[in-house]
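In: Build me a structure from this.
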Amino acid sequence: MTASRVRLHVEDSGGTGRPVVLIHGWPLSAESWKAQVPVLRDAGYRVIAYDRRGFGRSDKPADGYEYDTLAADLAGVIEDLDLKDVSLVGFSMGGGEVARYIANHGEERLHSVVFAAAVPPYLLKTSDNPDGPLTQEAADEMAGALAKDREAFFDDFTKKFFSANGKLKVTEAQRLEAVALAHQSDQTAALGCQKAFGTTDFREDLKKVTVPTLVLHGDSDGTVPFEGSGKRTHEAIAGSEVVVLKDAPHGCNVSHADDFNLTLLNFLKK
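Out: Take a look at the predicted model:
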């Protein structure tokens with residue numbers, strides 16, 4: 001059952017440009033898009049970024065941390081602002097909302113979509129998904145570590161999030177900003193969404209994507225490896241474009257912001 005609507009923190013740059021909706025990764029908030037928002041706004045787009053339920057400055061209900069509800073939340077943002085001809089940009093976990101939004105709500109209001117370092121088509125390695133990059137053991141270990149000690153978990157997670165080949169690709173200050181955003185998350189939300197992005201199968205959802213699509217990924221993503229996610233999403237969506245950023249970690253919108261933004265702007269012009 002879909003949980004009821006909740007109050008979401010939404011930032012809207014306003015203006016008359018084509019709307020670009022930014023959907024953040026786990027366990028962060030809309031603040032994680034700060035390297036993108038001014039660039040997109042200055043290029044003439046109306047930029048909308050929101051905090052997912054349970055994260056950042058949004059309400060933190062006890063439930064609704066699965067993709068049908070999260071996609072309904074996205075639909076609510078689009079409908080409340082009466083957005084049309086929208087480009088959706090889903091980063092990491094946010095790519096799941098993009099896929100499920102199209103499957104459940106259609107493409108009538110959409111212009112194009114971007115899967116950035118995104119979790120589709122299906123992270124979990126199973127007998128019918130042997131290319132899934134996440135084993136059940138690793139998923140259980142991750143959940144256990146988060147449940148046991150949030151502080152230690154987020155510290156370790158952000159190091160991997162921003163590292164390529166064992167080397168941190170952002171400043172320590174940027175990493176600590178991400179840690180602070182992670183700590184704004186509700187623990188129920190953090191655990192629920194961790195389960196959702198790790199275990200949700202988007203393969204059928206991707207078959208319904210027909211709008212112009214960009215897959216943007218770092219080649220050294222240790223959190224959501226390109227081969228098991230972005231590469232397969234590109235193969236699943238006919239006519240999609242793929243751009244792989246060199247020596248880029250999972251958090252490539254921060255570590256490789258200039259390349260990320262240029263790729264995004266070039267795609268959005270179409």
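
In: And stretch 62-77, what's buried?
Out: 64, 65, 66, 67, 69, 70, 71, 72, 73, 74, 75, 77 (16 or more other C-beta atoms under 10 Å). Just so you know, the C-beta spots here come from the backbone N, C-alpha and C atoms, and that holds for glycine as well.

In: So which of the residues you listed sit within helices?
Out: Mapping the buried residues of stretch 62-77 onto helices (DSSP state H) picks out 67, 69, 70, 71, 72, 73, 74, 75, 77.

In: Farthest pair within these?
Out: The two members of those with the most space between them (C-beta to C-beta) are 67 and 77, at 15.3 Å.

In: can you pull out the strands in the chain?
Out: With strands called from DSSP state E, the chain shows them at 10-12, 19-23, 46-50, 86-91, 110-116, 163-164, 167-168, 213-218, 241-245.

In: Go through those strands and name the closest to residue 138.
Out: Per C-beta to C-beta, nearest to residue 138 of the strands of the chain: strand 163-164, 17.0 Å.

In: which residues are contacting the closest one?
Out: 169, 218, 220, 221, 222, 247, 248, 249, 255 (C-beta atoms under 8 Å, 6 or more residues apart in numbering).

In: now do 7 Å
Out: 169, 218, 220, 222, 247, 248, 249 (C-beta atoms under 7 Å, 6 or more residues apart in numbering).

In: That one pairs with which strands, parallel or anti?
Out: strand 167-168 (antiparallel) (DSSP bridges).

In: what is the mean pLDDT for the strand it pairs with?
Out: Over the span of strand 167-168, the pLDDT mean works out to 98.

In: Kindly report the same for stretch 18-27.
Out: Here the average pLDDT along stretch 18-27 is 98.

In: returning to what we had before: out of the ones in helices among the buried residues of stretch 62-77, the closest to residue 53 would be?
Out: Using C-beta to C-beta, these come closest to residue 53 at residue 73, 5.8 Å.

In: Just the buried residues of the contacts of strand 163-164.
Out: Buried, going by 16+ other C-beta under 10 Å: 169, 218, 220, 222, 248, 249, out of those.

In: Check the burial of the closest residue to the fourth one other than its chain neighbours by counting its neighbours.
Out: Okay, so that is residue 222. Excluding its sequence neighbours, the residue lying closest to residue 222 (C-beta to C-beta, 6 or more residues apart in numbering) is residue 160, at 5.5 Å. For residue 160, the neighbour count with other C-beta atoms under 10 Å is 15.

In: shouldn't residue 208 be in contact with residue 103?
Out: Yes: with contacts counted by C-beta atoms under 7 Å, residue 208 reaches residue 103, the gap being 5.2 Å.

In: So if I had to pick from those two, which one is more boxed in?
Out: Between residue 208 and residue 103, counted using other C-beta under 10 Å, residue 103 has the larger neighbour count: 18 against 14.

In: Please enumerate the helices of the protein.
Out: 37-42, 67-80, 93-105, 136-148, 150-161, 172-182, 187-199, 203-206, 230-236, 252-255, 257-268.

In: Could you dump these into a markdown table and include mean pLDDT and distance to residue 112?
Out: A markdown table is the format used below for these (pLDDT from 0 to 100; distance: least, C-beta to C-beta, whole Å):
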| stretch | mean pLDDT | distance to residue 112 |
| --- | --- | --- |
| helix 37-42 | 98 | 13 |
| helix 67-80 | 97 | 14 |
| helix 93-105 | 98 | 10 |
| helix 136-148 | 97 | 31 |
| helix 150-161 | 98 | 26 |
| helix 172-182 | 98 | 27 |
| helix 187-199 | 98 | 22 |
| helix 203-206 | 98 | 15 |
| helix 230-236 | 98 | 14 |
| helix 252-255 | 98 | 17 |
| helix 257-268 | 98 | 7 |
